[in-house]
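[1] What would the 3D arrangement of this be:
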Amino acid sequence: MKTLILLAALLLSCMDSRAATARPNVLFIAADDLNDWIGCLGGHPQAHTPNLDALAARGTLFANAHCQSPLCNPSRSSLLTGLRPSTTGIYGLAPGIRNVAATRERITLPQTFTRAGYHTYTCGKIYHDGSMTLKDRAAEFNQWGPAPGALRPARPIAKIPRTNPLIDWGPYPERDEDHNDYQIASAAISALRAAPTNQPFFIACGFRQPHVPCYAPPKYFDLYPADTLKMPPVLETDRDDTPRFSWFLHWRLPEPRLKLLREHDQWRPLVRAYLAGTSFMDAQVGRVLQTLEETGRATNTIVVFWSDHGWHLGEKLITGKNTLWERSTRVPLILAGPGITAKARCARPVELLDLFPTLAELCQLDAPKDLEGHSLLPLLRDAKARREWPAITTHNHDNHTVRSEQWRFIRYADGSEELYNLRNDPNEWTNVIARPAYLDVQRDLARWLPAKGARPAPGSRDRILTHDRQTGAVVWENKPIGKDEAPPD
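    Numbering: from 1, shown residues only. Coordinates of the predicted model:
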């Protein structure tokens, strides 16, 4: 009898082990501030990203994917908790999720994999820098690898006035190996090689490019000769039909306005550096994916590539993020691997918020029941499948944009609005909100605006904007904005 019991226990143990190893692995790769300037998305006609293009070819490319916030901390917090910024009140670069009542005890995406028995590892920037304290890290991932910070040359390269040392760009360093993204890729490579073979893995790798400072070794700048570089389209009167409140979302920031870049002949160097940094980051993605192939585990690994938000490079007369327009909200999103259709391109509007329920479903994991995103699995099987929901982006309280396949609707905290027909006006140059013919479109999109409108969580700081509905007072980073105060240059 004892022998039979032991045999039965051994059989069950083997079955459990096979079930665990049969679950797909996940390689979760993030970029920082990357808009749609990659080859497969066509955001810039000269973008050279062969590794991301190859990944898109072996999976599904979401060509209409959008972030939940055009700022690092709230965007990443939303993706990793499965909750919108308007639910949590996380709008600025602080606080982190464990310092906010709505997310203090929240089971995150990495925790879901860790608790399910996955080997979990992270390196680089997945959570926003400094948002996860040392005492909270152990519950998120089994292992935390290196996350080297911004590079620092001996002196700034770009010849431009600056209020923040990160506002810089140019060829640096000389060798690939001395770049922080190379080191992040090397850490992910080591993690892939060392991952236990008797359990599935969730390995997260967060690159820093093309976030400022936009640095890459010189050979990546050679891909973009300055004299043949195509500049992004800009309409000089672009802000004439946008509400004054649109300026408040990026009132005073270290990222320079287009006017300043032109005055110092730095617009072209910045565009070139952004593209070079993107190509360098793409090369690091290629190193990581090549290692995945070498481990022999690629066929059972879901690869996810995403960016936390986009970036303006002169469009709307600004640089940086912190807007509710396409340049800030649209992001690359690629999924490839088992159960995912290859060579597919999806035009349906989707959100980074959808990644949590999608990965939970693909890996058959229990996830929180109140996730605010929606699984992408139907679209991963058929890119043309019907999808009910639009994509919604929020920046600070009560400022939202709703993106459908054709339209973008924006409503600011003071009630002012914008409406763009992206099919006819991909640059969002013509705000048609005042045209009676589009009233039904506006009403249909407005019904998707978030019902919740949390005020900034206690401890919020950095790029925080508030609006008082009773008095109309607008406050940017604790300083009131005068009623007739001109937008800063």
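
[2] Leaving aside the residues adjacent along the chain, what's closest to Pro148?
    Asn180 (4.0 Å; Cβ to Cβ, 6 or more residues apart in numbering). Every C-beta, even on glycine, is put in place using the N, C-alpha and C of the backbone.

[3] what does Asp265 give?
    Nearest to Asp265 is Lys159, by Cβ to Cβ, 6+ apart, at 7.9 Å.

[4] hang on, the one you found packs against His264?
    Yes: contact criterion Cβ atoms under 8 Å: Lys159 and His264 qualify, at 6.1 Å.

[5] And for the residue nearest to Asp265, the neighbour number?
    10 (other Cβ atoms under 10 Å).

[6] how much space is there between the residue nearest to the spatial centre of the chain and Asp36?
    Nearest residue to the geometric centre of the chain (Cα atoms, centre = their mean): Asp308, 1.3 Å. Asp308 sits at a distance of 14 Å from Asp36 (criterion: Cβ to Cβ, to the nearest Å).

[7] Ala30 too?
    Plainly put, Ala30 is 16 Å away from Asp36 if you go by Cβ to Cβ.

[8] before we move on, what about Gly339?
    26 Å.

[9] Now Val402: phi and psi?
    Main-chain dihedrals, Val402, degrees, to the nearest 10: phi -120, psi 120.

[10] Please renumber the chain so that the first residue is 8 from this point on.
    In the new count, where the first residue is 8, that last one comes out as Val409.

[11] Quick check: it vs Tyr427, distance?
    Counting by Cβ to Cβ, the gap from Val409 to Tyr427 is 11 Å.

[12] Overlap of the contact sets of those two?
    Both Val409 and Tyr427 are contacted by Arg415, under the criterion Cβ atoms under 8 Å, 6 or more residues apart in numbering.

[13] Report the next helix or strand after the longest helix seen in the chain in sequence order.
    The residue-count maximum for a helix in the chain (DSSP state H) belongs to helix 274-302. Sequence order places strand 308-314 as the next helix or strand after helix 274-302, per DSSP states H and E.

[14] Check which helices and strands that next one sits against.
    Contact partners of strand 308-314 among helices and strands, from 3 or more Cβ pairs under 8 Å, 6 or more residues apart in numbering; DSSP states H and E: strand 32-39, helix 57-64, helix 274-302, strand 340-343, helix 362-369.

[15] which other residues reach that strand?
    Outside strand 308-314, the residues that reach it (Cβ under 8 Å, 6+ apart) are 31-42, 59, 62, 66, 72, 74, 86, 292, 296, 299, 338-347, 359, 362, 366, 369-370.

[16] neighbours of Gly407, just the number please.
    Small correction: residue 407 is His, not Gly. Count around His407 with other Cβ under 10 Å applied: 23.

[17] quick one: Ala202 and His126 touch, right?
    Yes: here Ala202 reaches His126: they are 5.8 Å apart, a contact under Cβ under 8 Å.

[18] Quick check: neighbours shared by these two?
    Both Ala202 and His126 are contacted by Phe208, under the criterion Cβ under 8 Å, 6+ apart.

[19] The two: who's more crowded?
    Set Ala202 next to His126 and count neighbours by other Cβ under 10 Å: His126 wins out with 21 against 18.

[20] In this protein, where is pLDDT below threshold?
    8-28 (pLDDT under 70).

[21] one step back: redo the helices and strands packed on strand 308-314 as a markdown table? Include mean neighbour count and distance to Gly213.
    As requested, these are arranged in a markdown table below (neighbours: other Cβ atoms under 10 Å; distance: least, Cβ to Cβ, whole Å):
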| stretch | mean neighbour count | distance to Gly213 |
| --- | --- | --- |
| strand 32-39 | 24 | 4 |
| helix 57-64 | 20 | 15 |
| helix 274-302 | 22 | 11 |
| strand 340-343 | 26 | 15 |
| helix 362-369 | 21 | 14 |
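
[22] Using JSON lines, please lay out those together with distance to Pro232.
    Listed next are those as JSON lines, based on distance: least, Cβ to Cβ, whole Å:
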{"stretch": "strand 32-39", "distance to Pro232": "24"}
{"stretch": "helix 57-64", "distance to Pro232": "18"}
{"stretch": "helix 274-302", "distance to Pro232": "9"}
{"stretch": "strand 340-343", "distance to Pro232": "28"}
{"stretch": "helix 362-369", "distance to Pro232": "37"}
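
[23] And the helices in the stretch 108-257 of the chain?
    Shown for the stretch 108-257 of the chain, the helices assigned by DSSP state H, counting those that start in this stretch span residues 116-122, 141-144, 187-201, 225-228, 252-255.

[24] For those, give me TSV that also has mean neighbour count.
    Formatted as TSV, the helices of the stretch 108-257 of the chain follow (neighbours: other Cβ atoms under 10 Å):
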stretch	mean neighbour count
helix 116-122	21
helix 141-144	11
helix 187-201	21
helix 225-228	18
helix 252-255	20
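
[25] could you dump these to CSV with distance to Val311?
    Listed next are the helices of the stretch 108-257 of the chain as CSV, based on distance: least, Cβ to Cβ, whole Å:
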stretch, distance to Val311
helix 116-122, 11
helix 141-144, 21
helix 187-201, 13
helix 225-228, 24
helix 252-255, 32
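
[26] All the helices of the stretch 358-496 of the chain, residue numbers only.
    Under DSSP H, counting those that start in this stretch, the stretch 358-496 of the chain gives helices at 362-369, 384-388, 446-453.

[27] Format the ones you listed as CSV; extra columns: distance to Glu112.
    Converted to CSV, those look like this (distance: least, Cβ to Cβ, whole Å):
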stretch, distance to Glu112
helix 362-369, 16
helix 384-388, 28
helix 446-453, 33
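
[28] In contact with Leu340: list those residues for me.
    By Cβ under 8 Å, 6+ apart, Leu340 lies in contact with 68-69, 72, 312-313, 357, 359.

[29] Report the beta-bridge partners for it.
    Trp313 (DSSP bridges).

[30] I'd like the distance between the spatially closest residue to Cys212 that is not a sequence neighbour and Asn32.
    The shortest distance from Cys212 to any non-neighbouring residue, by Cβ to Cβ, 6+ apart, is to Ala195 (3.9 Å). Here the criterion is Cβ to Cβ. By it, Ala195 lies 13 Å from Asn32.

[31] same question, Arg454
    40 Å.

[32] cool, Trp414 as well?
    38 Å.

[33] What of Ile488?
    Ile488 sits 49 Å away from Asn32, going by Cβ to Cβ.

[34] contacting residues for Thr129?
    117, 147-148, 150-152, 210-213.

[35] returning to that earlier point: any chance you could list residues touching both of Ala195 and Asn32?
    Shared contacts of Ala195 and Asn32 (Cβ under 8 Å, 6+ apart): Ile210.

[36] what separates stretch 295-307 from the chain centre, distance-wise?
    For stretch 295-307, the gap between its own C-alpha mean and the chain's C-alpha mean amounts to 24 Å (Cα atoms, centre = their mean, to the nearest Å).

[37] Likewise for stretch 329-349?
    With Cα atoms, centre = their mean, you get 8 Å for stretch 329-349.

[38] Pull out the buried residues from that stretch.
    329-344, 347 (16 or more other Cβ atoms under 10 Å).

[39] Also stretch 87-99?
    Here stretch 87-99 shows 87-99 as buried, counting by 16+ other Cβ under 10 Å.

[40] and what of stretch 220-236?
    Buried-residue list, stretch 220-236, by 16+ other Cβ under 10 Å: 220-224, 227-228, 230-231.
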